[in-house]
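> got a structure for you, letters missing:
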């Protein structure tokens, strides 16, 4: 991940906390840019491999069409109900299309690991079931910003 968080360092997640959080959460919100420049936000399931966020999107969706035209993307994963429980991550960068679209299961070594992760996390299966309607997007973020408000109540180490 490229950029270092400048603000809110006191509540930012460590790399280990970030990996644990993204491995546990299932749903993210994906922001894309419409043809008229307006933002478009939609929810999706995802898998995190420690470096990239893998999104399995319907290829006939507005999101897919927008990313084909303009691959800039922002994704938010968050959790918590009460103020002191809020935590999350914003990842931004460029979406990359991986494998055939729609995905039918053609051999694609780059998808072996993410498909196993996704199938286990989302469906509780050992291998991916392809429906011929979805395909893969990969976001290797240029910037990551995280927050964990649970840290506000904890004593902070001195710099």
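Alright, I've got the coordinates. Computed from a predicted structure; not experimentally measured. Numbers count the residues shown, from 1 in each chain.

> Please tell me how far residue 151 sits from residue 115.
Using Cβ to Cβ, to the nearest Å, residue 151 is found at 34 Å from residue 115. For glycine as for every other residue, the C-beta is placed from the backbone atoms N, C-alpha and C.

> So these two - more neighbours on which side?
residue 115 (22 against 16; other Cβ atoms under 10 Å).

> so what's the closest residue to the more buried one other than its chain neighbours up against?
Closest residue to residue 115 apart from its sequence neighbours, by Cβ to Cβ, 6 or more residues apart in numbering: residue 128 at 3.9 Å. For residue 128, the residues meeting the contact criterion (Cβ atoms under 8 Å, 6 or more residues apart in numbering) are 105, 115-116, 118-119.

> Looking at those residues, which one is closest to residue 46?
residue 118 (7.8 Å; Cβ to Cβ).

> Where does that closest one sit: helix, strand or coil?
The local conformation at residue 118, judged by DSSP: H, G, I helix; E, B strand; the rest coil, is helix.
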